[in-house]
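> The following comprises the amino acid sequence and a computationally predicted model.
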Amino acid sequence: MHVFIAAYVRMLSQRPALNRFISGQRIFARHNIEIIMAIKKEMTLDAPETMEKFFFEPNATVFDVYNEMNKKISEIKNAVEEDTVDETEVLVTKVEYPDDVIDCAVNLMEWEIKNRAKVGIQSETLSRHSVTYFAQDANNQVMGYPVSLLGCLKAYRKARC
């Protein structure tokens, strides 16, 4: 495992253009080399696990990777139970939305599944030789969705002064 992670660190140090992530349909560059791993406290199926993030320097060798990972893994395995958080202590927040907001969200998802590929097409013939497109502007769409689907949210819009 350490050899593969060290190879990954070396590859990212040599090819930093590969160290990217996507969030919200935008591509961002990472400026550090990080690996996230699930670690079990003991080697059983029912043992609790925790997620740990490892940060490495671009010039890290296989020995640096091995030492850093073993140090953190042993810290986690030897940690006192009070230091770790288990699932029973996690706060869960339940949000109940009004029925019309839920219906609106369901309608948006259905529209996304059925019509996203046809955005901009107003009509097309059965043989698909003739396709008519309509203009998408601020008058008939909001964030890529038809205005008619978002009408149910007007009551929840924030008043602008």
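That came in fine, so what should we check first? Residues are numbered from 1 along each chain as shown.
> When you work out contacts or count neighbours from here on, use the C-alpha atoms and nothing else.
OK.
> Which of the helices and strands in this structure ranks last by mean pLDDT?
strand 121-124 (a mean of 61; mean pLDDT, DSSP states H and E).
> Okay, domains of the chain per the record?
2-89, 99-156 (automatic domain parsing).
> could you dump the ones you listed to CSV with mean neighbour count?
CSV is the format used below for the domains of the chain (neighbours: other CA atoms under 10 Å):
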stretch, mean neighbour count
domain 2-89, 13
domain 99-156, 12
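> so what's the residue positioned nearest the centre of the chain up against?
Among the residues of the chain, the one closest to the centroid is residue 23, at 6.6 Å (CA atoms, centre = their mean). Contact analysis of residue 23 by CA atoms under 8 Å, 6 or more residues apart in numbering lists nothing.
> Return the per-residue confidence for it.
For residue 23, the model assigns a pLDDT of 83.
> for residue 82, same thing?
For residue 82, pLDDT reads 57.
> circling back: which stretch in the domains of the chain has the least confidence?
domain 99-156 (a mean of 73).
> so how far is the first residue of that one from its last?
Start-to-end span of domain 99-156 (CA to CA, to the nearest Å) is 13 Å.
> where along this structure do the strands fall?
20-23, 26-29, 33-40, 49-56, 121-124, 131-133, 141-142, 145-146 (DSSP state E).
> From residue 73, how far out is residue 79?
Distance from residue 79 to residue 73, by CA to CA: 10 Å.
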